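Student: Please work out how this folds:
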Amino acid sequence: MSCSEFGVLIHGYLDGELELSRSLEIEQHIGSCPSCSQTYANLRSLRQAIAGGSLHIDAPKGLRMRVRSALRRESRAEAPIKLMRWGWMFLWAPLGAVAIVLLAIFILRLPQAADGRLAQEVVSAHVRSLQPGHLVDVTSGDQHTVKPWFNGKLDFSPPVKDLAAQGFILLGGRLDYVGDRAVAALVYQRRKHLINLFITPSARAGSVAEKSLSDRGYNLIGWTQSDMSYWVVSDLNESELRQFVLLVRK
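Tutor: I've put the predicted structure just below:
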């Protein structure tokens with residue numbers, strides 16, 4: 001991928017609108033081109049600043065006084081037609097109710113949309129891990145080796161379970177980046193199927209029920225438990241993946 005192509009596609013990548021192959025090309029280009037990597041970092045910082053910053057500006061006191069005075073004059077001028085406005089209000093009231101319902105539906109769907117974007121990132125991270133040399137940073141089937149490896153590398157301690165007796169072999173772990181933060185990734189194997197278990201502190205208080213998704217041929221299950229957020233992804237069938245989740249949750 002050239003830098004000019006990167007400049008055209010980067011905004012679609014940041015919005016999660018590109019196909020997997022294009023996303024992987026961009027990620028590889030970011031890793032090999034310092035200039036485009038800096039552009040990517042700047043754009044992410046700008047998006048975060050816009051999303052989290054305050055755009056409120058207090059108006060000068062004199063301006064506020066002039067606006068209030070103008071409103072009072074306008075109110076006196078329109079007093080004779082207030083009854084007509086009441087009629088229009090009765091006409092528009094049903095439409096206003098519909099608008100409120102649609103707004104409520106939109107607000108309720110926001111968490112689902114956020115989960116959808118996060119699921120896409122989880123699948124992308126899983127696919128990246130399948131490339132040669134990316135699966136694990138620490139190779140071990142011993143939970144007492146894998147868990148301490150994360151010490152000092154993350155601001156939390158991920159739980160690590162040995163599930164070999166149940167048919168899920170621990171291969172090791174690595175650091176990954178999902179949802180705009182560093183996460184712990186534990187890798188298990190069921191026959192020839194690889195399973196990535198991503199763990200990070202939860203932004204939501206309490207526990208959240210499991211949610212099942214599928215993306216690009218992979219099955220995903222996410223949940224929150226004990227103030228930790230979990231996402232598991234694999235091409236393993238959903239029934240066995242749920243069995244793995246039940247063992248992790250015990």
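Student: Just say helix, strand or coil for the most centrally placed residue in the chain.
Tutor: Computing the C-alpha centroid of the chain and ranking residues by C-alpha atoms, centre = their mean puts Leu118 first, at 3.3 Å. Leu118 falls in the helix class when you classify it by DSSP: H, G, I helix; E, B strand; the rest coil.
Student: so where do the strands sit in this protein?
Tutor: 138-139, 169-178, 181-190, 193-201, 208-215, 218-225, 228-234 (DSSP state E).
Student: Using CSV, please lay out the ones you listed together with mean neighbour count and distance to Glu5.
Tutor: For the C-beta atoms, the positions are set from N, CA and C on the backbone; glycine is no exception. Shown next, in CSV, are those (neighbours: other C-beta atoms under 10 Å; distance: least, C-beta to C-beta, whole Å):
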stretch, mean neighbour count, distance to Glu5
strand 138-139, 15, 36
strand 169-178, 19, 23
strand 181-190, 21, 28
strand 193-201, 21, 29
strand 208-215, 14, 25
strand 218-225, 20, 27
strand 228-234, 23, 29
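Student: Contacts only, for the closest residue to Val187 other than its chain neighbours.
Tutor: Of all residues not flanking Val187 in the chain, Leu171 sits nearest, at 4.5 Å (C-beta to C-beta, 6 or more residues apart in numbering). When contacts are counted by C-beta atoms under 8 Å, 6 or more residues apart in numbering, Leu171 touches Leu135, Val136, Thr139, Gly141, Val187, Tyr188, Gln189, Leu194.
Student: quick revisit: lowest mean pLDDT across the strands of the chain, which one is that?
Tutor: Out of the strands of the chain, strand 208-215 stands lowest, with a mean of 83 (criterion: mean pLDDT).
Student: got a list of contacts for that one?
Tutor: So strand 208-215 is contacted by 115-116, 119-120, 123, 202, 219-224, 238, 245 (C-beta under 8 Å, 6+ apart).
Student: what would these look like in CSV with distance to Lys161?
Tutor: Supplementary listing: the contacts of strand 208-215 in CSV, determined by distance: C-beta to C-beta, whole Å:
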residue, distance to Lys161
Asp115, 24
Gly116, 28
Ala119, 23
Gln120, 27
Val123, 23
Ser202, 18
Asn219, 20
Leu220, 19
Ile221, 16
Gly222, 18
Trp223, 15
Thr224, 17
Glu238, 20
Val245, 12
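Student: thinking again about what came up before, turn the strands of the chain into a markdown table, columns for distance to Ser21.
Tutor: Converted to a markdown table, these look like this (distance: least, C-beta to C-beta, whole Å):
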| stretch | distance to Ser21 |
| --- | --- |
| strand 138-139 | 29 |
| strand 169-178 | 20 |
| strand 181-190 | 22 |
| strand 193-201 | 20 |
| strand 208-215 | 15 |
| strand 218-225 | 15 |
| strand 228-234 | 18 |
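Student: Select, out of those strands, the one closest to Phe6.
Tutor: When the strands of the chain are compared by C-beta to C-beta, strand 169-178 sits nearest Phe6, at 19.0 Å.
Student: Just the CA atoms of the closest one, as CSV, please.
Tutor: C-alpha atoms of strand 169-178 as CSV (Å, rounded to 0.1, in the frame of the first residue of the first chain):
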residue,chain,number,x,y,z
ILE,A,169,-5.1,-26.5,26.2
LEU,A,170,-3.4,-23.2,27.3
LEU,A,171,-0.8,-22.2,24.8
GLY,A,172,0.3,-18.9,26.4
GLY,A,173,-0.5,-15.2,26.4
ARG,A,174,0.3,-11.9,24.8
LEU,A,175,-0.4,-8.2,25.0
ASP,A,176,-2.9,-6.8,22.5
TYR,A,177,-4.8,-3.6,21.8
VAL,A,178,-8.6,-3.6,21.6
